[in-house]
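Enquirer: what's the 3D shape of this:
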Amino acid sequence: MPADAYKVPIGPLGYSRRSIVIVNDPEWVRSIMTDAIEIFPKNDLMKGALHPLVGDSLFVSDGETWKRQRRMVEPAFSFIRITKAFAAMQNAVGDHIGMLDQRADSGEPFSLDFSMSHLTADIICRTVFSSSIASGTALDVFESFAVFERNVSNVKLSHLIFGKAWSKVPQSKIVLDACIRIREQLGKLIDDCLASQDNSNDPDGSDNLARTVMDARDGDDGRPFTRDELIDQLGVFFLAGHETTASVLTWAFFIISERPEIAERIRAEIQTEVGNQHIAFEDIRKLAYTRNVFREALRLYPPLTFIPRVAAETTTLGGHKIKKGAMVMIAPWAIHRHQLYWDHPDAFDPDRFSPQREKDLVRGAYLPFGQGPRVCAGATFAMIESTLILAELVRRFDFHAEAAEKVVPVARLTTRPREEIMVRVTAYSKP
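Expert: Numbers count the residues shown, from 1 in each chain. Predicted coordinates:
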């Protein structure tokens with residue numbers, strides 16, 4: 001990103017055939033993301049990258065299609081559903097602690113990226129399908145998704161500079177094959193859920209997110225999602241609920257490995273608020289500092305580096321003319337580090353979200369989950385899940401990153417390290 005991207009409210013972002021405008025001003029960002037007349041729909045490059053995997057689902061759809069989908073999936077992320085899903089989170093974290101115990105005993109380094117991806121994927125599998133990632137089908141989804149994430153062309157530089165607006169985004173055969181495998185396996189998981197519901201004497205069946213979405217009905221015509229639509233929506237759950245959270249947790253644990261005083265504050269908070277017992281759902285709200293560590297990692301390393309939109313017609317924004325087809329780039333990466341909106345924007349400081357200081361934050365300058373009507377439906381789920389993971393792992397282990405000086409972030413599907421971060425863990429022993 002050019003230096004001006006962290007200083008200007010709005011301005012051109014380099015040269016391109018179609019024109020790219022970066023928008024940082026929180027009020028103008030809000031106007032784009034609450035765009036009722038849809039001058040700024042989802043960007044064609046984002047749709048081109050994700051369509052083979054999630055079709056015309058919640059993550060990429062617009063207009064009435066999006067509104068219908070949002071109404072139907074929102075109950076799956078209600079507070080009552082999350083309280084029921086918490087046990088699945090605890091079980092997945094417990095199994096992961098067992099794996100880390102073995103890592104601590106062996107002393108061998110392992111990929112932090114893969115570890116966090118495996119854990120969050122396990123949580124999603126358990127909460128969406130009531131199935132551990134250890135099951136063959138779920139594991140195949142996870143492995144195929146890893147191939148997709150590493151190889152998908154989201155914003156290829158040559159296409160960004162020279163491509164026309166709304167032109168097709170080509171994907172490699174390896175990406176398309178991975179999408180086919182993911183959708184086939186998601187279909188099997190859906191069929192298993194439907195079969196278990198048909199064969200159950202319990203009308204509520206297994207209370208998971210997949211069942212909730214399967215039971216959803218359109219408020220206008222009473223229709224459920226078709227099987228293909230279910231695959232689309234549950235593909236989004238897997239994408240948004242696993243990959244994005246894993247990205248932020250990777251950065252959070254890397255930072256903690258470099259800043260042992262953060263780990264000590266997390267442990268002190270847990271001891272004060274929870275003691276030595278397992279962390280229960282009602283304990284999560286008490287762990288304010290732990291939660292703020294995750295919030296600050298979200299600020300500095302937002303999973304969605306860019307939220308691209310496209311101008312559906314020629315318009316103006318902040319006095320700047322924006323031509324039809326121009327890419328309008330909202331970049332949480334730049335806004336979250338912007339010199340106009342943050343004190344010491346490049347410093348990792350969880351206390352900026354404390355009650356004493358949070359009131360001084362610039363409204364709208366923090367948007368890790370988006371904002372407006374399209375704010376992430378799973379934001380509360382992600383906050384609870386991540387607070388639990390940070391608390392339970394940090395209280396038991398010290399993380400030691402290898403070659404920390406070589407860690408560099410890149411914008412792929414999410415904000416990821418350029419190379420995997422290799423770490424070792426040791427069991428924490430209280431002084």
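Enquirer: The stretch 51-200 of the chain: helices as residue ranges?
Expert: Using DSSP state H, counting those that start in this stretch, the helices of the stretch 51-200 of the chain run over 63-73, 79-106, 112-129, 136-151, 157-162, 173-198.
Enquirer: now for the second one, which elements pack on it?
Expert: The reference is to helix 79-106. helix 112-129, helix 209-215, helix 379-394, strand 422-427 (3 or more C-beta pairs under 8 Å, 6 or more residues apart in numbering; DSSP states H and E). In this view, the C-beta of every residue, glycine as well, is placed from N, C-alpha and C.
Enquirer: hey, which of these is tucked in deepest?
Expert: Of all those, helix 112-129 has the most neighbours on average by mean count of other C-beta atoms under 10 Å, namely a mean of 25.
Enquirer: mind showing which ranges of the stretch 101-250 of the chain have poor pLDDT?
Expert: Applying pLDDT under 70 to the stretch 101-250 of the chain flags the ranges 153-169, 196-207.
Enquirer: quick one, which of the helices and strands packed on helix 79-106 is nearest to Glu273?
Expert: helix 379-394 (9.5 Å; C-beta to C-beta).
Enquirer: can you pull the contacts of Ile407?
Expert: In this structure residue 407 is Val, not Ile. Listed by C-beta atoms under 8 Å, 6 or more residues apart in numbering, the contact set of Val407 reads Phe254, Ala401, Pro417, Arg418, Glu419, Ile421.
Enquirer: Let me fix that, I meant to ask about Gly187.
Expert: Applying C-beta under 8 Å, 6+ apart, the residues near Gly187 are Arg227, Ile231.
Enquirer: Could you check how far it is from Cys125?
Expert: As judged by C-beta to C-beta, to the nearest Å, Gly187 and Cys125 stand 15 Å apart.
Enquirer: same deal with Asp343?
Expert: Distance from Asp343 to Cys125, by C-beta to C-beta: 40 Å.
Enquirer: for Arg424, same thing?
Expert: 27 Å.
Enquirer: nearest residue to the residue nearest in space to the middle of the chain other than its sequence neighbours?
Expert: In the chain, the residue lying closest to the centroid (C-alpha atoms, centre = their mean) is Thr244, at 2.4 Å. Nearest residue to Thr244 in three dimensions, chain neighbours excluded: Pro303, at 3.7 Å (C-beta to C-beta, 6 or more residues apart in numbering).
Enquirer: Count the residues that sit near Glu27.
Expert: Residues near Glu27, counting by other C-beta atoms under 10 Å, number 11.
Enquirer: Could you look up the SS state of the nearest residue to it once chain neighbours are set aside?
Expert: Leaving aside its chain neighbours, Glu27 sits nearest to Gly364 (6.8 Å; criterion: C-beta to C-beta, 6+ apart). At Gly364, secondary structure determined by DSSP: H, G, I helix; E, B strand; the rest coil is coil.
Enquirer: right, and Gly364 touches Gln371 too?
Expert: Yes: at 7.0 Å, Gly364 and Gln371 qualify as touching, with contact defined as C-beta atoms under 8 Å.
Enquirer: how near is Ile256 to Arg309?
Expert: Counting by C-beta to C-beta, the gap from Ile256 to Arg309 is 34 Å.
Enquirer: Kindly apply the preceding question to Glu149 instead.
Expert: Where Arg309 is concerned, Glu149 sits at a distance of 23 Å (C-beta to C-beta).
Enquirer: what's the answer for Arg227, then?
Expert: Counting by C-beta to C-beta, the gap from Arg227 to Arg309 is 31 Å.
Enquirer: These two: who's more crowded?
Expert: Ranked by neighbour count (other C-beta under 10 Å), Arg227 and Arg309 place Arg309 first, with 23 against 13.
Enquirer: That one reaches Thr34, doesn't it?
Expert: No: judged on C-beta under 8 Å, Arg309 makes no contact with Thr34 at a distance of 12.0 Å.
Enquirer: gap between stretch 112-119 and the chain center?
Expert: 14 Å (C-alpha atoms, centre = their mean, to the nearest Å).
Enquirer: what about Glu108, neighbour count?
Expert: 11.
Enquirer: what residues are up against it?
Expert: With C-beta under 8 Å, 6+ apart, Glu108 has these contacts: Arg424.
Enquirer: cool, Phe225 as well?
Expert: Applying C-beta under 8 Å, 6+ apart, the residues contacting Phe225 are Met72, Val213, Met214, Ala216, Gln233.
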